[in-house]
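Everything below, folded, please.
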Amino acid sequence: MKHVFFNPWVGLCYDSGINGKKIMIMGHVHVCSDCIECGIIKERDEVCASLTNKAVEDYFKWRKTGEIPTPKYKGWLNTYFNFAKAFFGYEPDFKQEKCELWDNVLFYNYVQRAVADWDQKPSSDDYINSQVPFMEVINKYEPDIIIVWGDGAFNGAPGGGKFGEPIIFEDIKAKRYIYTLNSGKQCSMIKIHHPSMYFSSSNWHEIIKSIIEE
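So this is what the prediction gives:
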């Protein structure tokens, strides 16, 4: 994948999937130091390439030990945990969470240039420049389903597909966009509310359950 700056984290059992489906979880953006080389492939080193993998491993460490890598990480770590609670419908212990969720999915952050602060938004160019890497990832790993965290990544993703029937539970609606991959396989990208804030794990559990079981 010659255009991907932050390599995705791929669970050990991703190919087996969940309920027979390959599932990709897509976050929004990394927060890192304001480095002018960020996002430039020819300037990428192994530390940069593995930032997504390090983020997931840091989350695992926090769940196992309670250790927070830096004070600013706490809200970000809870984002992953909120999603896990929505996936299961309850608070899983870490062993179950890792074995039944994270080992079976791929995680990828959409924007391929980090922002310097939690309150900073990616530029319009960042979203556009992330479209080719995104297509490289989904054509390589061929997920059946992409569960997208929030509007930014969903709206920034490339066109070329078509909108499908949304998934609805009570008063919440999850938009669906369908890509046809290079292999001819169809891939459904479904938007949920970003689990970082104002996120009802119980309501979104019903949406996620419908996604996996349909």
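
next helix or strand past the lowest-mean-pLDDT helix or strand in the chain?
Among the helical and strand segments of the chain, the one scoring lowest on mean pLDDT, DSSP states H and E is helix 46-49, with a mean of 87. Note on helix 46-49: by DSSP states H and E, the next helix or strand toward the C-terminus is helix 51-65.

can you pull the buried residues of that following helix?
Leu51, Thr52, Ala55, Val56, Asp58, Tyr59, Trp62, Arg63 (16 or more other Cβ atoms under 10 Å). For the C-beta atoms, the positions are set from N, CA and C on the backbone; glycine is no exception.

pLDDT and distance to Ile40 added to those residues, as a markdown table?
Converted to a markdown table, these look like this (pLDDT from 0 to 100; distance: Cβ to Cβ, whole Å):
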| residue | pLDDT | distance to Ile40 |
| --- | --- | --- |
| Leu51 | 91 | 14 |
| Thr52 | 95 | 17 |
| Ala55 | 92 | 20 |
| Val56 | 95 | 23 |
| Asp58 | 93 | 24 |
| Tyr59 | 95 | 27 |
| Trp62 | 93 | 30 |
| Arg63 | 94 | 33 |
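
Of all pairs in those residues, which one spans the longest distance?
Leu51 and Arg63 (19.0 Å; Cβ to Cβ).

Distance of His194 relative to Met1?
For His194, the distance to Met1 equals 25 Å [Cβ to Cβ, to the nearest Å].

Tell me the buried residues in the least confident helix or strand of the chain?
Quick answer for helix 46-49 (16+ other Cβ under 10 Å): Cys48.

Gly27 contacts Phe83, correct?
No: judged on Cβ atoms under 8 Å, Gly27 makes no contact with Phe83 at a distance of 9.2 Å.

Quick check: neighbours shared by those two?
Trp149 (Cβ atoms under 8 Å, 6 or more residues apart in numbering).

show me the contacts for Lys185.
Going by Cβ under 8 Å, 6+ apart, Lys185 touches Glu142, Asp144.

could we number from 52 for the rest of this?
Will do, 52 is the new start, and the previous item becomes Lys236.

mind checking how far it is from Ile196?
Taking Cβ to Cβ, one finds Lys236 at 12 Å from Ile196.

Compare His245 and Met52 and say which one has the larger neighbour count.
Neighbours per residue (other Cβ atoms under 10 Å) separate His245 from Met52, with His245 holding more: 20 against 15.

The residue lying closest to Tyr161 once chain neighbours are set aside and Ile76, how far apart?
Computed as Cβ to Cβ, 6 or more residues apart in numbering, the closest residue to Tyr161 that is not its neighbour in sequence is Ala204, at 3.8 Å. Computed as Cβ to Cβ, the Ala204 to Ile76 distance reads 11 Å.

Same question for Cys86.
Cys86 is 25 Å from Ile76, where distance means Cβ to Cβ.

same question, Asn70
Taking Cβ to Cβ, one finds Asn70 at 15 Å from Ile76.
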